[in-house]
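1. predicted model and sequence follow; I will ask about them next.
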Amino acid sequence: MTGLSDDESSILPFIPLILRGNSFYWPPRPLDALKALSSGPGSSLVDSGETLFDFIVDIRHELGLQNEVDERWPKSVGKGYALFFDDLIPRADSRKWFGETVPSLANLMLRFPVILENHYKENSTHYRVCEGNSADEKYSGEGNQRSHVDTSLRILHSQRPGIVILSQELIAVLLACALFCLFPKAQRWRHELPVINFDGLFACISRAGESQENKIKCIMHYFERVCNGMPSGVVSFERKVLPFKDNSFPIVYPKASFWSESRIPLCPFKVMETGTIEDHEKEALEVDFANAYLGGGALSKGCVQEEIRFMINPELIAGMLFFPAMQDNEAIEIVGAERFSKYEGRHDLLFCILHLSIHFLKDS
């Protein structure tokens, strides 16, 4: 791997790895902890929600995270991990989680340095092409006129258009790190970045009701699925910006008076009285206006449109790592995120139906 550019280096303060020369590494003690975890409960002694939380606290301490004032957690976080894994899910599911899924996630995280290095190596092979609907088609570099575009993992700053393309494997690694709360938090609010660690999900479980429990079940099911068979696609995350002032771009962000004074008719549209946005026919553009911060309250106790969608398509959560808040003239487009779960109801009535299909379903 060659050296990172300044843009690519922008992600370094927000991930738990060390960059030494042109290679990524886990610090020695967290590396040893992950190796023990990958060997199963017999070596790691992680076999319950309580011991899982103890492991998370210890590895965060080794990474220097628990020492920061704004990194300290309320007692509800530990109680939430214990409540979910030790009381709320069936004992057989808990044994399978700690005996199979957790060691697999540890092995995945051990490969984080190699997976990330390969991501930056492959960045030069991605091209923007004129046509194509899926992330795989749109950036495959096959056919049509093409030009190189930076698709590497980095902070996609406000007012700067840009795109990040991540393999589903890299996304799985990032979400595993979020489950174990390994991303540094200290400077995220300073850069208007949303939360990314999962501590808030568990902290809210005792007071947010059954909907919070089922949100975590969706995430749990996602990890079980990718550990049983890693999908091989890619997901694109793009920040789009309409400039406030006239420049070389042919369209600028309109003033408020444009909408109030406009006499231009809307294009034809159809209102569906039944069904959900995620079950609509393929190739539809799905739009959400909920929150300036990507994900809204997905990783806390939120449980309406945006938050539910992030639970049934957990790969969307990865964008919360590197997208600062949107301004009025910005939008975020995500293409290729896979749907892993179904649900019924909304808010307090949310019920998660985990077993969709043995096939990996694609959603735009």
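-> Structure's in. What do you need?
2. over to residue 271. Which of the three states is it?
-> coil (DSSP: H, G, I helix; E, B strand; the rest coil).
3. and it, how many neighbours?
-> 4 (other CB atoms under 10 Å). In short, each C-beta sits where N, CA and C put it, glycine included.
4. and residue 189, by the same measure?
-> 11.
5. from residue 311, how far out is the nearest residue to residue 194 once chain neighbours are set aside?
-> Take residue 194 and drop its neighbours on the chain: the residue closest to it by CB to CB, 6 or more residues apart in numbering is residue 293, 4.2 Å away. Distance check for residue 293 against residue 311: by CB to CB, to the nearest Å, it reads 16 Å.
6. more neighbours: which of these two?
-> Just comparing residue 293 and residue 311: by other CB under 10 Å the higher neighbour count belongs to residue 311, 27 against 18.
7. what are the C-alpha coordinates of the helix or strand that one falls within, in PDB please?
-> Assigned by DSSP states H and E, residue 311 belongs to helix 305-312. Taking C-alpha atoms only, helix 305-312 is exported to PDB below (Å, rounded to 0.1, in the frame of the first residue of the first chain):
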ATOM      1  CA  GLN A 305     -38.800   5.700   9.400                       C
ATOM      2  CA  GLU A 306     -35.000   6.400   9.200                       C
ATOM      3  CA  GLU A 307     -34.100   4.400  12.300                       C
ATOM      4  CA  ILE A 308     -36.100   1.400  11.200                       C
ATOM      5  CA  ARG A 309     -34.500   1.400   7.800                       C
ATOM      6  CA  PHE A 310     -31.000   1.500   9.300                       C
ATOM      7  CA  MET A 311     -31.900  -1.600  11.400                       C
ATOM      8  CA  ILE A 312     -33.200  -3.700   8.500                       C
END
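8. about what we covered before: and the residue nearest to residue 194, how far from residue 223?
-> Taken as CB to CB, the span from residue 293 to residue 223 is 24 Å.
9. next: residue 208.
-> Distance, residue 208 to residue 223, by CB to CB: 21 Å.
10. helices and strands of the chain: which one has the lowest mean pLDDT?
-> strand 361-362 (a mean of 40; mean pLDDT, DSSP states H and E).
11. per-residue confidence at the residue of the chain most remote from its centre?
-> Using CA atoms, centre = their mean, the residue of the chain lying farthest from its centre is residue 263. It sits 40.5 Å away. We have a pLDDT of 91 for residue 263.
12. same question, the one 3 residues further on
-> In the predicted model, residue 266 carries a pLDDT score of 86.
13. and for residue 357?
-> pLDDT, read off for residue 357, is 33.
14. so residue 107 touches residue 38, yeah?
-> Yes - using CB atoms under 8 Å, residue 107 is in contact with residue 38, at 4.6 Å.
15. can you report how many residues neighbour residue 336?
-> Residue 336 has 24 neighbours, counted by other CB under 10 Å.
16. oh, I was asking about residue 65
-> With other CB under 10 Å as criterion, residue 65 counts 21.
17. what about it, distance to residue 216?
-> 22 Å.
18. same deal with residue 255?
-> 44 Å.
19. residue 288: neighbour count?
-> 13.
20. and residue 182, by the same measure?
-> 24.
21. related to what we said a few turns ago, what about the residue farthest from the centre of the chain, which SS state?
-> Classified using three-state DSSP, residue 263 is coil.
22. phi, psi for it please.
-> Residue 263 adopts backbone torsions of phi -110, psi 10, taken as degrees, to the nearest 10.
23. please identify which helix or strand holds the residue lying closest to residue 12 once chain neighbours are set aside.
-> Leaving aside its chain neighbours, residue 12 sits nearest to residue 19 (6.0 Å; criterion: CB to CB, 6+ apart). Take DSSP H and E as the rule and residue 19 turns out to sit in strand 18-20.
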